[in-house]
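Student: After the sequence you'll find the predicted model.
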Amino acid sequence: MSDTIEKVSIIISKGSLEGIYPGLIMANGARAEGIEANLFFTFFGLDAIHKARNEHIKLATVGNPGLHFATMAGGLPGVSTVMTHYMNHKMEKLDIPSIPEFIEMIADTGAGLYACKASVDLFGLEKNDFIEQVQDIITVGEFYEKAAGGQIIFT
Amino acid sequence: MSTSTIANIDVEFNDEGFFVDPDQWTVDMVPELARREGIEELTDAHWQVIRFMRSEYLAKGTGPTVRVLGKTSGVSIKELYQLFPKGPAKMAAKIAGIPKPRGCI
């Protein structure tokens, strides 16, 4: 095996703020290193490329022990919204782009964006529901064809 | 580390191919450095990015990342990747004789 990475295929399967950003950062970082990158959105990860939803991605405040506060507090109405605002504000200060802007930027780097067919069918979605940068809705078999010869990262 | 002669000067490169001493760089080295990166013909846009990298490094002590380049160099992200397919910030930093820009975004 070569000691350099030439290609990565990154799967984003979660629809929370902290579920989406890591995959985006890895894809963008791969392109910056000259590594070929493809992004695959599956299950709730589809929200990241959903026209109507990707501007409203929220931080998970329930079932997230990393936040270090009581689960019951995290479930109170509005807490997720407030925490999301706080997080977005912190990220903006560090010049981390918002999710829609980040995805557009990643598409501009030449990375491929794909939606998972099984999830698209499951949620009753169609190509029109997604941002224009999404190249195609593909099956798992097609995913493996595109991922061939590279590393696969599941997030 | 390795040494190569670029524009008649012995230049020291680190293992990743960046200048060890950015002060060794001269503008005459640019065409040869670009060729080492696989760029045969330098367009005005290439020069614009290379000069921008160099001046940002001299002003701030570190080169800009691709995101910063896209926002401030006057060249779009899309075009940056067309000009420097193997990573715009990385390639342009090598050609501009500056250290590898650090930053996750």
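Tutor: Structure received. Nothing here was measured: the structure is a model prediction, and the numbers come from that model.

Student: quick one: contacts of the longest helix seen in chain B?
Tutor: Longest helix in chain B, counting residues (DSSP state H): helix B:44-60. Contact with helix B:44-60 is made by B:22, B:25, B:30, B:34, B:39, B:42, B:62-64, B:68-69, B:72-75, B:79-80, B:83-84, B:88-89, B:92-93, B:95-99, as judged by CB atoms under 8 Å, 6 or more residues apart in numbering or on different chains. C-beta here means a position set from N, CA and C on the backbone, and glycine is covered the same way.

Student: for stretch A:62-71, same thing?
Tutor: For stretch A:62-71, contacts defined as CB under 8 Å, 6+ apart pick out A:Glu18, A:Thr61, A:Gly74, A:Gly75, A:Ser80, A:Met83.

Student: just the CA coordinates of the longest helix of chain B, formatted as PDB?
Tutor: Extracted in PDB, the C-alpha atoms of helix B:44-60 (Å, rounded to 0.1, in the frame of the first residue of the first chain):
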ATOM      1  CA  ASP B  44      -1.500  36.100 -15.200                       C
ATOM      2  CA  ALA B  45      -3.900  34.400 -12.800                       C
ATOM      3  CA  HIS B  46      -1.200  32.000 -11.600                       C
ATOM      4  CA  TRP B  47       1.100  35.000 -11.000                       C
ATOM      5  CA  GLN B  48      -1.700  36.900  -9.200                       C
ATOM      6  CA  VAL B  49      -2.100  34.000  -6.800                       C
ATOM      7  CA  ILE B  50       1.700  33.400  -6.300                       C
ATOM      8  CA  ARG B  51       2.300  37.100  -5.600                       C
ATOM      9  CA  PHE B  52      -0.600  37.200  -3.200                       C
ATOM     10  CA  MET B  53       0.700  34.200  -1.300                       C
ATOM     11  CA  ARG B  54       4.100  35.700  -1.000                       C
ATOM     12  CA  SER B  55       2.900  39.100   0.100                       C
ATOM     13  CA  GLU B  56       0.500  37.600   2.700                       C
ATOM     14  CA  TYR B  57       3.300  35.500   4.100                       C
ATOM     15  CA  LEU B  58       5.600  38.500   4.300                       C
ATOM     16  CA  ALA B  59       2.900  40.500   6.000                       C
ATOM     17  CA  LYS B  60       1.500  37.900   8.300                       C
END
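
Student: which parts of the helix or strand that that helix is followed by are buried?
Tutor: Note on helix B:44-60: by DSSP states H and E, the next helix or strand toward the C-terminus is helix B:66-72. Residues of helix B:66-72 classed as buried by neighbour count (16 or more other CB atoms under 10 Å in any protein chain shown): B:Val66, B:Arg67, B:Val68, B:Leu69, B:Gly70.
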